[in-house]
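> Pasting a predicted model and its sequence here:
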Amino acid sequence: MVLEAVRTLQTQGMLPPNVSLEPELERPAQVAHGDFSTNIAMQLAKAAGKPPRVIAQALVQMLQAEAGLMESVEAAGPGFVNIKIKTADMMIEVDAIRQAQRQYGASEAGRGRKLLLEFVSANPTGPLNVVSARAAAVGDALANILQSQGVQVSREYYINDAGKQAHLLGQSMYATLKRKEDPDYPFPEGGYEKDYVAATATASADAGGAALREMNEGDAIIHHKEYGVQEMVKRHQKSLEEYGVKFDRWFYEHILHDKDKVQAVVDMLREKGHIYEKDEAVWFASTKFGDDKDRVLKKSDGGWAYMAADIAYHVDKFQRGYTELVDLWGPDHHGYIARMQAAMQALGYKPEQFIVHIVQQVNLLEDGKPVMMSKRGAGKLLEMDDLLADVGRDVARFFFLMRSTDSHLDFDLDLARQHSEDNPVYYVQYAHARICSILKKAAAEGVVLTSTMQSLGDQFRPEPEELALVRQLTAYPEIVEVCARTLEPHGLAFYLRDLATVFHRFYTVCRVVDASQPGRTQARLAIADAVRSILRNGLGLLGISAPEAM
RNA sequence: GCGCCUGUAGCUCAGUGGAUAGAGCAACGGCCUCCGAAGCCGUGUGUCGGACGUUCGAUUCGUCUCAGGCGCACCA
């Protein structure tokens, strides 16, 4: 709506210059600067050859002529034009929020996009760790956010069941059993030695029965590998399910090999002239696409390198009809990005069709000191399940979503365990529960919310706290849009905390249910209901519950 | 040595090229006869790691540099 005004503003602004600039409209950080402001005058200053303040003044005069829904418009600072919306018009947005319910903040802007989001994808050789928990929280929230913008999103989990690590798991299981009878039997180098390996190995032996005992070593290891991988995948699925993350598809690497997809993709690269042989290995000339060295796809021993299958996997995603691929990878994979992007470009895909975000490492802190964790060493193994059992899924998710994905994250366990005001999750959830409580109280007193802000019109004179609250509410759609565009959900977590703050302030100052002031009660109930709706929507996108009572 | 991430208040971190750089925690002091005190209000702190550049304007963009972390396999 305001954009139209700025457009006409632009044509009028043509008086001095004949260049047209994209007017930027933004929401100022400070209330004193109005609801919207534009820096157009400063951008035009050079072309117009006039000081920005002079241009701003001219624009203000023209805008005032067609006041419309603007309360005021004024020039300020070095040349900003600040616009204030009429409060009644601002309040009407409350009606829109209440009417749209879950749809508020949703958009159709992403319609037609088919995006595949791959995340977690941990090796099926052990339990999920806390980085996986972080990736799961981020990926799930991201998928929700993108879906709310109309993007068709699939959540996918890739299982490396065909490589060396999976094989090593099988070997470890075999060796663990073997060593019970023969303590001198060699344990594979870098093998998995945790308790769960022994337990899984025993179960696998039982499942294999007599047939297993007849097998030669190689076949027995494969039996254990397949059993072990299945077992680990089941555990991953269970952990993620308890976390509330549902994947649309669990994709096994071995399918690619079974269907010769790996060979096919190497052939595709070869046709395009990006493949050569050297030292009995097959190489991909990734340096042609910005990588710092060429990469081996087929090893001199005849086996496929991990990357070959991974390229095939990503091509498979495109072949399934997805036009955008987004991957969340762990911190140990960031050196891998350049070569995969090189591969996708070599195959003719555009850089923006394949985006990788790194989910950075997590440091768990207890008493201000880091909790030891290590994947294979003797240190205390910190599993995702342990974390969830400790702090709960809402807390875990919110803590993960409060940081930008690319930053290392210090997870303060002591704070996360607190069920108090200090814990930001409860702070937000409390606001929601509080509103539900107010609405219940109103119902108990026989107060029914029948009015709209539209119908109340100018009768309702909002307090500053109410204005601030409604202003914060109206920012919601834009927040979600930015999160979707940047593929970073943390802005939404911050927004919700800020909304809770503004609501709590409103609550202390403004009594909602007041029999002596029915009109005001109607307005405040409507505002509270709108806040409740947005808290629920926002928490929902983050995968966090919005309890009605705590 | 090369690459990626991060340097913003005592701590943990926000900050889509704009106005006086923000929040939470921690510290101290207030506020419940009244819809949930898991709440609110007040008190203050910054060479935005440093240098140079682009710009009307840089915490934001570029180059260099310093510090911390993580990667640099015919492992996955």
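In hand now; what should we look at?
> okay, CA-based contacts and neighbour counts for the rest of this
Fine.
> who touches stretch A:269-280?
Applying C-alpha atoms under 8 Å, 6 or more residues apart in numbering, the contact partners of stretch A:269-280 are A:266, A:282-286, A:299-300, A:346-347.
> neighbours around the residue in the stretch 1-150 of chain A that RNA strand B sits nearest to, how many?
The stretch 1-150 of chain A approaches RNA strand B most closely through residue A:77 (4.2 Å), counting by C-alpha to the nearest atom of the strand. Neighbours of residue A:77 under the rule other C-alpha atoms under 10 Å: 10.
> Equivalent analysis for residue A:109, please.
Neighbours of residue A:109 using other C-alpha under 10 Å come to 13.
> Give the helix, strand or coil label for it.
Assigned with DSSP: H, G, I helix; E, B strand; the rest coil, residue A:109 falls in the coil class.
> Pull the contacting residues for it.
Here residue A:109 is in contact with A:149-151 (C-alpha under 8 Å, 6+ apart).
> again, only this time at 7 Å
The contact partners of residue A:109, taken as C-alpha atoms under 7 Å, 6 or more residues apart in numbering, are A:149-150.
> Wait, residue A:26 touches residue A:37, no?
Yes. Taking C-alpha atoms under 7 Å as the definition, residue A:26 is a contact partner of residue A:37 at 5.5 Å.
> So for those two, which sits in the more crowded spot?
residue A:37 (21 against 12).
> what pairs with the more buried one across the strands?
Bridge pairing for residue A:37 (DSSP bridges) gives the partners residue A:26, residue A:82.
> hang on, the earlier thing: per-residue confidence at the residue of the stretch 1-150 of chain A closest to RNA strand B?
pLDDT recorded at residue A:77 is 74.
> quick one, phi psi at it?
phi 60, psi -140 (degrees, to the nearest 10).
> Reformat the contacts of stretch A:269-280 as a markdown table; add distance to residue A:122, pLDDT and neighbour count.
Formatted as a markdown table, those follow (distance: C-alpha to C-alpha, whole Å; pLDDT from 0 to 100; neighbours: other C-alpha atoms under 10 Å):
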| residue | distance to residue A:122 | pLDDT | neighbour count |
| --- | --- | --- | --- |
| A:266 | 25 | 96 | 22 |
| A:282 | 27 | 95 | 20 |
| A:283 | 26 | 95 | 20 |
| A:284 | 26 | 95 | 25 |
| A:285 | 28 | 93 | 22 |
| A:286 | 26 | 92 | 23 |
| A:299 | 24 | 93 | 15 |
| A:300 | 27 | 92 | 15 |
| A:346 | 27 | 94 | 20 |
| A:347 | 26 | 95 | 16 |
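> Lowest mean pLDDT among the helices and strands of chain A, which one is it?
Lowest on mean pLDDT, DSSP states H and E among the helices and strands of chain A sits helix A:2-12, with a mean of 53.
> returning to what we had before: ok, now how distant is the residue of the stretch 1-150 of chain A closest to RNA strand B from residue A:480?
Residue A:77 sits 30 Å away from residue A:480, going by C-alpha to C-alpha, to the nearest Å.
> swap in residue A:495?
For residue A:495, the distance to residue A:480 (C-alpha to C-alpha) stands at 10 Å.
> quick one, which of these two is more surrounded?
Between residue A:495 and residue A:480, residue A:480 has the larger neighbour count (other C-alpha under 10 Å), namely 24 against 19.
> Which of the three states applies to the more buried one?
Put simply, residue A:480 is helix when judged by three-state DSSP.
> quick one: contacts for it?
Contacts of residue A:480 by C-alpha under 7 Å, 6+ apart are A:105, A:145, A:492.
> top of those by neighbour count?
Going by other C-alpha under 10 Å, residue A:145 tops the contacts of residue A:480 with 29 neighbours.
> Fine by me, thanks again.
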